[in-house]
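Colleague: Structure here, sequence nowhere to be found:
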């Protein structure tokens, strides 16, 4: 299963441009709202979430913050048309954002950020799996040690 990239933006033209630019390189999902984005997250393996900051109901930071405890390993990128220092601070502190980018994006630059984010996501996932296997092996070893005494 390919790891997906979710882009959340209330502007349909941005969603269409994003999908057209990156669909050949990545498994792209798009959503026009945080609610729609949450539904996509619930039914797909999403490694990278890119969200617009300024959306009508839920801001990008609010969305990222709301899903952080459910999807802690997903890499988060905030994309906005406005460079607001308070939004940058909130993105880093509340949404644990990997990158903060200003619209309009440059396709080549964003592609590299997405590739790097997917790599980080996959490394986190692999690290968790290896940690779990190590815990199981440790428990088995402890059990064998106790039974051989």
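Modeller: Okay, I see it. Only a predicted model underlies this, so the values are computations on that prediction, with no experimental measurement involved.
Colleague: okay, CA-based contacts and neighbour counts for the rest of this
Modeller: Noted.
Colleague: OK, contacts around residue 29?
Modeller: 4-7, 19, 40 (CA atoms under 8 Å, 6 or more residues apart in numbering).
Colleague: what do you get for residue 52?
Modeller: So residue 52 contacts 8-10, 59-60, 78-80 (CA under 8 Å, 6+ apart).
Colleague: What are the buried residues along stretch 118-138?
Modeller: 118, 120-122, 124 (16 or more other CA atoms under 10 Å).
Colleague: quick one: which of the residues you listed sit in helices?
Modeller: 118, 120-122, 124 (DSSP state H).
Colleague: other SSEs contacting the strand or helix carrying residue 142?
Modeller: Residue 142 belongs to helix 107-147 when assigned by DSSP states H and E. Other elements packing on helix 107-147 under the criterion 3 or more CA pairs under 8 Å, 6 or more residues apart in numbering; DSSP states H and E are strand 46-52, strand 75-80.
Colleague: mean pLDDT lowest for which of the ones you listed?
Modeller: Ranked by mean pLDDT, the helices and strands packed on helix 107-147 bottom out at strand 75-80, which scores a mean of 89.
Colleague: ok, residue 98 to residue 116 distance?
Modeller: Per CA to CA, to the nearest Å, residue 98 is found 10 Å from residue 116.
Colleague: ok, now residue 103?
Modeller: For residue 103, the distance to residue 116 - CA to CA - is 19 Å.
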